[in-house]
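**Student:** Provided below for reference: sequence and predicted model.
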Amino acid sequence: MLAPHQIYDQRFNQLVKTLLKMASGNLSHRIPISDAMDWKDTLGMLINNTNFRLNWMFNEIKKTQVFTRPQIILLTNSKKELLTHTDVNHEIISKELIPKTISDLLTRDGKRKFLKHWNEWDKKSLGCYDMGILDFKGETELLIPLHIQVIQTSALLEDSWYIIIGFDPQQPVPPIAAPEQDTLQTFPGKKAKNNSKTIGDFLLAQNVHDVLLKYQTSFIPSLEFIAGEAGASISAMQKAFKDRYGMAVLKYDMEKRLEASTFLLEKSDIKIKDVATNYGFKTSSHYCNRFRKKYGISPLQFRKKVFFNRHN
């Protein structure tokens, strides 16, 4: 039998804290998985999977709710210094945490992905940017995955402010537009002759994005399927999506699948073929080829690299 001090440690408290939050209807938190892969990690993975499935199930039931409300809104400057936030009830930000920059709120993995997207973002041509799902720090070092979108606002002459909005990753994300733009013009520097057309294209691009997110763990859809789900022609869909996200529809879909798959490679010991299946690939060879093309190494090599980096 295990001694009390072997059970009631921080990791056990994380399990208890998450179960209590689940019991109160809060399904946002995730338990970090350690390298020990012991009974606590096994239980943590089961709880995380249950959280994910319950969240998905309840969102399917709430079909009348078209868009979700933000979980958190942050305001930062170009130096990524946190100016203010909406999390006054400490649902996301821990009471013990006094963040000075956006990096203080993110896990190590979330920080890496944020900086990668931040540096890739062409801020001169795109006023909005979708960063996908990032992990934030919660209470007792629990993880809170949020779907992050960023709006750039040129309210200041010498600097830009950035509005960072975090949504529940299992709910459809509403369209966003930078407040300083003319009327409802979507992109700075691109004057629209027809505002209603600009709004329509913006909403179409967002609709396509939601379709891609919906089927990310089911199968890889064709352009015809995506256009049908979004209620538009292929040509109109491709143009609207590329204008907003700066990438072709299928390329964006593949990029996000591969990025999302790294989470399972890093945080679990799930077999490569099961990781491939979880993200819609019919064969593990297709997944491995795509992964190698993007990252330069195979999924197995990626997993080993992460493991050795943690222990060096």
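**Tutor:** Structure received.
**Student:** Which segments of the protein make up each domain?
**Tutor:** For the chain, automatic domain parsing gives the domain ranges 4-61, 67-176, 255-310.
**Student:** With mean pLDDT as added columns, please give these in a markdown table.
**Tutor:** A markdown table is the format used below for those (pLDDT from 0 to 100):
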| stretch | mean pLDDT |
| --- | --- |
| domain 4-61 | 75 |
| domain 67-176 | 79 |
| domain 255-310 | 90 |
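**Student:** what separates the top helix by length along the chain from the chain centre, distance-wise?
**Tutor:** As assigned by DSSP state H, the longest helix anywhere in the chain is helix 39-61. Helix 39-61 sits 17 Å away from the centroid of its parent chain (C-alpha atoms, centre = their mean, to the nearest Å).
**Student:** For Asp41, give me its contacts.
**Tutor:** By C-beta atoms under 8 Å, 6 or more residues apart in numbering, the contact list for Asp41 reads Ile33, Ser34. Where C-beta positions appear, they are placed from N, C-alpha and C, glycine not excepted.
**Student:** And it, how far from Lys116?
**Tutor:** 27 Å (C-beta to C-beta, to the nearest Å).
**Student:** Next, Lys124: secondary structure please.
**Tutor:** For Lys124, the assignment made with DSSP: H, G, I helix; E, B strand; the rest coil gives coil.
**Student:** Let the chain start at 410 from now.
**Tutor:** Taking 410 as the first residue, the last one we looked at is Lys533.
**Student:** neighbours of it, just the number please.
**Tutor:** Lys533 is flanked by 9 other residues according to other C-beta atoms under 10 Å.
**Student:** Against Asn486, how distant is it?
**Tutor:** Lys533 sits at a distance of 17 Å from Asn486 (criterion: C-beta to C-beta).
**Student:** What segments of the stretch 510-659 of the chain are helices?
**Tutor:** 517-529, 604-623, 632-639, 643-654, 658-676 (DSSP state H, counting those that start in this stretch).
**Student:** What lies in contact with the third one?
**Tutor:** Outside helix 632-639, the residues that touch it by C-beta under 8 Å, 6+ apart are Leu613, Asn616, Val617, Val620, Leu621, Pro630, Ser642, Ile643, Met646, Gln647, Val658, Leu659.
**Student:** Out of those residues, which comes closest to Asp678?
**Tutor:** Checking the contacts of helix 632-639 against Asp678 with C-beta to C-beta, the nearest one is Leu621 at 27.7 Å.
**Student:** Report the contact partners of the residue lying closest to the closest one once chain neighbours are set aside.
**Tutor:** Nearest non-adjacent residue to Leu621, counting by C-beta to C-beta, 6 or more residues apart in numbering: Asp662, 4.8 Å away. By C-beta under 8 Å, 6+ apart, the residues touching Asp662 are Leu621, Gln625, Ile629, Pro630.
**Student:** Just the pLDDT for Asp646.
**Tutor:** Actually, residue 646 is Met rather than Asp. Per-residue pLDDT puts Met646 at 92.
**Student:** Mind jotting down where the strands sit in the stretch 410-559 of the chain?
**Tutor:** 481-486, 491-494, 537-546, 552-562 (DSSP state E, counting those that start in this stretch).
**Student:** Return the first one as PDB; C-alpha atoms alone will do.
**Tutor:** Yep, that's strand 481-486 we're talking about. This file holds the C-alpha atoms of strand 481-486, laid out as PDB (Å, rounded to 0.1, in the frame of the first residue of the first chain):
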ATOM      1  CA  ILE A 481     -10.600  35.700 -21.800                       C
ATOM      2  CA  ILE A 482      -9.600  38.900 -23.500                       C
ATOM      3  CA  LEU A 483      -6.000  40.400 -23.100                       C
ATOM      4  CA  LEU A 484      -4.600  43.700 -24.200                       C
ATOM      5  CA  THR A 485      -0.800  43.900 -24.900                       C
ATOM      6  CA  ASN A 486       1.600  46.200 -26.700                       C
END
